[in-house]
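In: my questions are about this predicted structure, shown below with the sequence.
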Amino acid sequence: MGKKLLEVRDLKTHLFTRRGVIKAVDGVSFSVDKNETLGLVGESGCGKTITCLSILKLLPNPVGQIVGGKIIFDNVDLLSKSEKEMRKIRGRRISMILQDPMTSLDPLFTIGEQIAEPIRSHQNLERTNLRKKIIEMLKLVKISAPEARIKEYPFQMSGGMRQRIVGAIALSCQPDLLIADEPTTALDVTIQAQFMRLLKEIQQEFNMAMIMITHDFGIVAKVCDRVAVMYSGKIVESAGVRDLFNHPLHPYTKALMGALPKMEEDMEKLTTIDGQPPDLGHLPPGCNFAARCPEVKEICRCDSPILSEINDGHVVSCLRVQ
Amino acid sequence: MVFNSITQMRRMPIFSVLFLVIFLICGIFGSSLAPLDPTDGDLSRSLIPPFQDRNYPLGTDHLGRDILSRIICGARISMIVCIMVIFFAGSIGTVLALLSGYIGGKVDIIIMRIVDTMLSIPYMMIAIALAAILRPSLFNIIILLSILGWTGYARVIRGEVLRIKDSDFVKLAKIDGCSKTRILIHHIFPNIVNTLVILATLQVGAVIIIESSLSFLGLGVPPPAPSWGGMLADSRSYISNWWLSTFPGLTIMATVLSCNLLGEWLRLQMDPQFRQK
Amino acid sequence: MQRYILKRIFLAFVTIYLVTTLVFFLARITGDPMDLIMSAESTQKDWDMMRHQLGLDKPIYLQYTDFIAGVFIGNFGNSLRWDKPCLSLILVHLPATLQLTICALLFSWVFGISIGTLSAMRPNGLMDRFGKIFAMLGQSMPIFWVGILLILTFAVRWQIFPTSGRGGLLNLVLPSITLGWYTMASMTRMTRSSMLDVLDMEFIKMTRIKGLSEVLVICKHAFKNAMIPILTLGSLQVGILLGGSVITETIFSWPGMGRLMVQSVFSRDFPLIQACVIITSTIFITINLLVDITYGYIDPRIRYQ
Ligand SMILES: Nc1ncnc2c1ncn2[C@@H]1O[C@H](COP(=O)(O)OP(=O)(O)OP(=O)(O)O)[C@@H](O)[C@H]1O
Ligand SMILES: [Mg+2]
């Protein structure tokens, strides 16, 4: 095991909306080693994006607030840092690719300008070097004719190109940690694969750690070293990729994997998870998954499970397993 | 108008509604509610400050007329103008917008050109010019403001019609073989009523302001009939007697504010996109 | 971009032409201009003479072509009261109005945009609450009352500013605030709502992820994106200001075109009224044209159409 780069301990992020408090992240712990890729998997709305935005301290203002926990990055707690210090970390040490490439770029500025911004605010480069650096970044993400593209605007690009440009922006200062929030859901399958391969290559080149948010186990299998499965604001299971695929322990993980379509199988065999995830504003007592769990027991409805290590590096939070 | 829940009703701007009800009552029963005759002057009791004489709680003007009574009776003109203008401007605007949006083609181009042209003349300028040509009278003010006011309706409602025209239920009605008139009356019109109500409420404020501005310039309903704008115009020669301008001004502001708040609230209720915010 | 600009310029000319036509016909549909010009005591002979002098005895289509041709070369006829060409009269009064309008516009933009932006940065904060009340009140106060209130407090009670007339900078303060009051309120609300819309967008989050300073995020990215609805409102406001200048100039005895227009209304100076309407509209349309062109510079999607 490598050295720990990021450790999130019992993170609690609540959203104080008009309709009440939503516990979007409710006691999440995980860690990412240097050069490692962690997959963060879970249904829509389970709090993946909010978890990652908490790491950057960029929650929706003024609704979102971190109410507890620790985020230790490179041996310092980010929660104790001021906004000014955070700004030095954002973009340079931790960077993020947002979910939707179509809206992640400012429509009114050229591609070149948008890539230049983080470089300009973190490094002192003179104009010619800056230009060289931008072109280099565009080449890195495999944009053809980068010299001409610099002067173009987002609306002149296809979705796949925009996604790669967002990648170029996020990578422009060679961050230690890249958070990729479902970077490919908006793209079609072939471009998805291309982009994933590209990210993987760059990761190797830069010695970078990654958190890959996705709900596609196919991607997890290809790019991740370890996986954390998230359900309604909590991590329910976390293990190495092999381990998890071979011995999924939590019923939710099993169900998620069952919901994964496989080409050779009949579509009829595709299982779905019945029911809806619980409303994060009004959580019932007991295990959050109890209402949908196929293996539910009496105790699950009143006691909350805690995350505990079953065997080396494989943790799970399920009363039935423990 | 469907209100989704009691809680939304509760957020209704109660004071605005109350004030508007008072405004309507004053407008309808004005002269019998007023404590004194609003046009009856007496120079011996001119310029009495407010809160001093019980008979003239808001004081008297330069001709010795009771300000409170004048404000109460002045509501009538504003009310009549508002109601008539909203009726005429709303009808003209809606009909033209329906034609423009639904028939499209040349009709649409011509109507929208007229709207654009009207909107590129500063509103107040054309109002003053028309007021000059038409000569001031209650009837002419209504005509004038209606001529000016329909464009706002036409623009917004045409947009709505275009949107609804493309919607599935209208397409279905077409497949069912409904006639154009039937579709217009039974399918499109009911769907623009909400917008119409919002536009009308928001127009009340604008009409009151323009009407009183014209009165202020001496181009509104001619004296001695009391009008709020006219009272403010009179006050200019006696500017240090603050009550002459303050009370009519406050009245105009409160009325316009009430209409704006109510209109805003209605929009929040009826426009689901807006409500989410 | 060039094609876009040329198209806009062409459209502006069309609109000016249409405005002229509209003014011509509105003036004749809604009543007989002669009724306006002549007083009750005038004889039939006076009527015929005046009719002939103004060319109102010709068939309507000839009147129309004469009128359009005249406007095209800047000939609006002679003012009845001053017996001078309308255009030169207006040109004499125009600078005062432009000065007032520009000051009011600056006043309302500077305050409206900054209050709106600050409100949007902290929704429901102190500034936002204050701004909301302020904007609501501002939109409900008729400008003539604002003017009277300002005179009452700052000119009569405290005697800081002069009550009327044009002169030094001090004379400009109260009229500008009066005229810009309403537009400032609406600018505040528009800036707030379009800023809120923009600040909600993903690309703003992206600029923060890049580690840009808040100043850059707000002033460079958010503001430029919010600029288009703000400019749209701004160009509409020019119309409101030009119209409002009539009232403001009347209150403050400001020697501009608005007062000229009111005077011409009371002296039944029909050609001058027409000329005032057409010229203010032309100014308004020109400003709209400039704003349209600015859109092109701000938004590449319009530029590359
Ligand atoms: N700005 C916000 N205001 C209120 N609630 C929010 C906001 N953003 C997110 N939420 C709520 O927080 C919860 C977690 O949201 P989050 O975006 O983290 O989900 P996610 O796991 O990223 O889902 P997806 O896979 O769809 O992206 C959801 O229930 C969502 O409704
Ligand atoms: Mg998400």
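Out: Nice, thanks for sending it over. Numbering: from 1, shown residues only, chains lettered A, B, ... in the order given. Ligands and ions are numbered 1, 2, ... in the order given.

In: what residues does the stretch 1-150 of chain B have near chain C?
Out: Residues of the stretch 1-150 of chain B found near chain C (CB under 8 Å from any CB of the partner chain) are B:113-114, B:116-135, B:143, B:147. Just so you know, the C-beta spots here come from the backbone N, C-alpha and C atoms, and that holds for glycine as well.

In: tell me what the lowest-mean-pLDDT helix or strand in chain C is packed against?
Out: Taking mean pLDDT, DSSP states H and E as the measure, chain C has helix C:33-37 as its least confident helix or strand, at a mean of 73. Counting contacts by 3 or more CB pairs under 8 Å, 6 or more residues apart in numbering or on different chains; DSSP states H and E, helix C:33-37 is packed against helix B:123-134, helix C:44-53, helix C:270-298.

In: so where's the stretch 151-277 of chain B shaky on pLDDT?
Out: The stretch 151-277 of chain B contains residues with pLDDT under 70 at B:271-277.

In: run a quick neighbour tally on residue 44.
Out: Since no chain was named, I'll use chain A. A:Ser44 has 10 neighbours, counted by other CB atoms under 10 Å in any protein chain shown.

In: actually it's chain C I care about, not the one you picked
Out: When neighbours are counted by other CB under 10 Å, C:Gln44 registers 7.

In: C:Trp181 now?
Out: 26.

In: what's the answer for C:Ser42, then?
Out: As a burial measure, C:Ser42 scores 13 neighbours (other CB under 10 Å).

In: the closest residue to ligand 1 within the stretch 51-200 of chain A in helix, strand or coil?
Out: Among all residues of the stretch 51-200 of chain A, A:Pro60 sits closest to ligand 1, at 3.7 Å; criterion: CB to the nearest ligand atom. Each residue gets one of three states, and A:Pro60 gets coil by DSSP: H, G, I helix; E, B strand; the rest coil.

In: any idea how many residues pack against C:Thr97?
Out: Applying other CB under 10 Å, we find 26 other residues in the vicinity of C:Thr97.

In: can you give me the pLDDT of it?
Out: With respect to pLDDT, C:Thr97 scores 95.

In: all helices of the chain, in order?
Out: I'll assume chain A. A:48-56, A:83-89, A:111-122, A:127-140, A:146-149, A:159-171, A:189-206, A:217-223, A:241-246, A:251-258 (DSSP state H).

In: sorry, should have said chain C
Out: Remark: helices assigned in chain C by DSSP H are C:2-29, C:33-37, C:44-53, C:60-72, C:86-121, C:126-140, C:143-150, C:169-199, C:202-209, C:214-215, C:223-251, C:257-266, C:270-298, C:300-303.

In: quick revisit: which residues does the residue of the stretch 51-200 of chain A closest to ligand 1 contact?
Out: Residues counted as contacts of A:Pro60 (CB atoms under 8 Å, 6 or more residues apart in numbering or on different chains) are A:15, A:53.

In: repeat that for C:Val156.
Out: Residues in contact with C:Val156 (CB under 8 Å, 6+ apart) are B:239-240, C:163.

In: so B:Tyr123 makes contact with C:Leu242?
Out: No. Using CB atoms under 8 Å, B:Tyr123 is not in contact with C:Leu242; the gap is 9.3 Å.

In: between those two, which one's more packed in?
Out: Using other CB under 10 Å as the criterion, B:Tyr123 and C:Leu242 rank with C:Leu242 on top: 26 against 20.

In: quick one: which of the helices of chain C is nearest ligand 1?
Out: helix C:202-209 (10.7 Å).

In: anything in stretch C:242-259 near chain B?
Out: Yes. Applying CB under 8 Å from any CB, one finds stretch C:242-259 touching chain B at C:242-244, C:246-247, C:250-251.

In: for stretch C:51-58, same thing?
Out: No. Shown here: stretch C:51-58 not in contact with chain B (CB under 8 Å from any CB), separated by at least 13.4 Å.

In: what does that stretch contact?
Out: Contacts to stretch C:51-58, defined as CB under 8 Å, 6+ apart, come from residues C:33-34, C:37, C:48, C:50, C:63, C:66, C:77, C:270-271.

In: excluding chain neighbours, what is closest to C:Glu202?
Out: A:Thr103 (4.2 Å; CB to CB, 6 or more residues apart in numbering or on different chains).

In: could you pull up the residues touching the one you found?
Out: C:201-203.

In: out of those, which are buried?
Out: The neighbour count (16 or more other CB atoms under 10 Å in any protein chain shown) marks C:201-203 as buried among the contacts of A:Thr103.

In: using TSV, lay out those residues together with pLDDT and distance to A:Leu5.
Out: Converted to TSV, the buried ones among the contacts of A:Thr103 look like this (pLDDT from 0 to 100; distance: CB to CB, whole Å):
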residue	pLDDT	distance to A:Leu5
C:Met201	90	30
C:Glu202	90	26
C:Phe203	93	28
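
In: in chain A, which residue sits nearest chain C?
Out: Nearest residue of chain A to chain C: A:Gly91, at 3.3 Å (CB to the nearest CB).

In: chain B too?
Out: Nearest to chain C in chain B, going by CB to the nearest CB, is B:Met124, at a distance of 2.6 Å.

In: circling back: ok, the contacts of A:Thr103 vs chain B, which is closest?
Out: C:Met201 (14.2 Å).

In: contacts only, for the spatially closest residue to C:Ser176 that is not a sequence neighbour.
Out: In space, and not counting its chain neighbours, C:Ser176 is closest to C:Cys103: 4.0 Å by CB to CB, 6+ apart. Counting by CB under 8 Å, 6+ apart, C:Cys103 touches C:172, C:175-176, C:180.

In: most neighbours, which of these?
Out: Counting neighbours by other CB under 10 Å, C:Gly180 comes out on top of the contacts of C:Cys103 with 31 neighbours.

In: where do the helices of chain B begin and end?
Out: Remark: helices assigned in chain B by DSSP H are B:6-10, B:14-33, B:67-103, B:105-119, B:123-134, B:138-165, B:168-175, B:180-182, B:189-217, B:228-235, B:243-270, B:272-275.

In: how many neighbours does A:Ser31 have?
Out: Neighbours of A:Ser31 using other CB under 10 Å come to 17.

In: bridging residues for the closest residue to it other than its chain neighbours?
Out: Nearest residue to A:Ser31, sequence neighbours excluded (CB to CB, 6+ apart): A:Glu7, at 4.2 Å. Counting by DSSP bridges, A:Glu7 is bridged to A:Ser31, A:Ile72.
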